[in-house]
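>>> what's the 3D shape of this:
(chains A and B)
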Amino acid sequence: QKEVEQNSGPLSVPEGAIASLNCTYSDRGSQSFFWYRQYSGKSPELIMFIYSNGDKEDGRFTAQLNKASQYVSLLIRDSQPSDSATYLCAVSGDNDMRFGAGTRLTVKP
Amino acid sequence: DTGVSQDPRHKITKRGQNVTFRCDPISEHNRLYWYRQTLGQGPEFLTYFQNEAQLEKSRLLSDRFSAERPKGSFSTLEIQRTEQGDSAMYLCASSLLFLVVTDTQYFGPGTRLTVL
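Model (predicted):
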């Protein structure tokens, strides 16, 4: 059974702080890794993807991938109240995409 | 609007009825995916198409579920003899997979199904 695990949260950080979201996966054959943001009642929207070990930065977001540890994370710098949402980790293999249950993030003003 | 669109956005039906949802992907995207999402869970993969070919179906997809993408453009998902357990958000996503490593999927707004 291919699993994607995330802490459900809620994770609460003050405005301006760094939010750190973590994800582990069980399938070593996984090829690409995605972070989606989902506001309540809305569909997931892509934040960024990563497929090579190391860090990838896009604005305030940094994704980190460690395939040996089967671990992927998302850092959000200078967190804003508008970042309050559920963050979904997704892992793709050859034929499907598997999502974690998501981590709920609250950024307090 | 050039994003993924889904219709209807909401559907309320009685148990035992059949329902059909439509998804229009981003133009020229060759892959189309269907997911189901219940409260507090991430999307669960149901099936996907590459052009008009249905390449993968989840074991979650019972015989009451059928999906088509007849001309490699829009897709329909039909649920026959609906059950209360089918109540969920049905999400469609599309991607363009062509000589690239990543299959980046973009989601539509979803169809929320309520089975009474």
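>>> Make sure residue B:26 is indeed in a strand.
No - counting by DSSP: H, G, I helix; E, B strand; the rest coil, residue B:26 is not found in a strand; it is coil.
>>> Excluding chain neighbours, give the residue nearest to residue B:61 in space.
Closest residue in space to residue B:61, ignoring its immediate chain neighbours: residue B:46 at 5.2 Å, by Cβ to Cβ, 6 or more residues apart in numbering or on different chains. Every C-beta, even on glycine, is put in place using the N, C-alpha and C of the backbone.
>>> ok, now which ones touch the one you found?
Residues near residue B:46 by Cβ atoms under 8 Å, 6 or more residues apart in numbering or on different chains: B:33, B:34, B:35, B:36, B:57, B:58, B:60, B:61, B:65, B:67, B:77.
>>> separation between residue A:5 and residue A:89?
Look at residue A:5 and residue A:89: by Cβ to Cβ, to the nearest Å, they are 9 Å apart.
>>> Which of these two has more residues huddled nearby?
residue A:89 (27 against 14; other Cβ atoms under 10 Å in any protein chain shown).
>>> Mind checking what secondary structure residue B:34 has?
Residue B:34 falls in the strand class when you classify it by three-state DSSP.
>>> Wait, residue A:98 touches residue A:88, no?
No - assessed by Cβ atoms under 8 Å, residue A:98 is found out of contact with residue A:88, at 10.5 Å.
>>> and residue A:96, how many residues sit next to it?
For residue A:96, the neighbour count with other Cβ under 10 Å is 19.
>>> where does it fall, phi/psi-wise?
phi -150, psi 170 (degrees, to the nearest 10).
>>> from memory it sits against residue B:44, does it?
No - using Cβ under 8 Å as the test, residue A:96 is too far from residue B:44 to be in contact (10.0 Å).
>>> Beta-bridge partners for the residue in chain A that chain B sits nearest to, please?
Nearest residue of chain A to chain B (Cβ to the nearest Cβ) works out as residue A:99 at 3.1 Å. Beta-bridge pairing for residue A:99 (DSSP bridges): residue A:90.
>>> In contact with it, which residues?
Per Cβ under 8 Å, 6+ apart, neighbours of residue A:99: A:4, A:36, A:88, A:89, A:90, B:42, B:43, B:44.
>>> Distance from stretch A:96-109 to the middle of the chain?
6 Å (Cα atoms, centre = their mean, to the nearest Å).
>>> Check stretch A:67-76 too.
Chain-centre distance of stretch A:67-76: 9 Å, with Cα atoms, centre = their mean.
>>> So which residues make contact with it?
Under Cβ under 8 Å, 6+ apart, the answer for stretch A:67-76 is A:18-26, A:28, A:33, A:35, A:47-48, A:50, A:53, A:60-66, A:83, A:87, A:89, A:91, A:105.
>>> again, only using 6 Å
With Cβ atoms under 6 Å, 6 or more residues apart in numbering or on different chains as the test, stretch A:67-76 has contacts from A:18-25, A:33, A:35, A:53, A:60-65, A:83.
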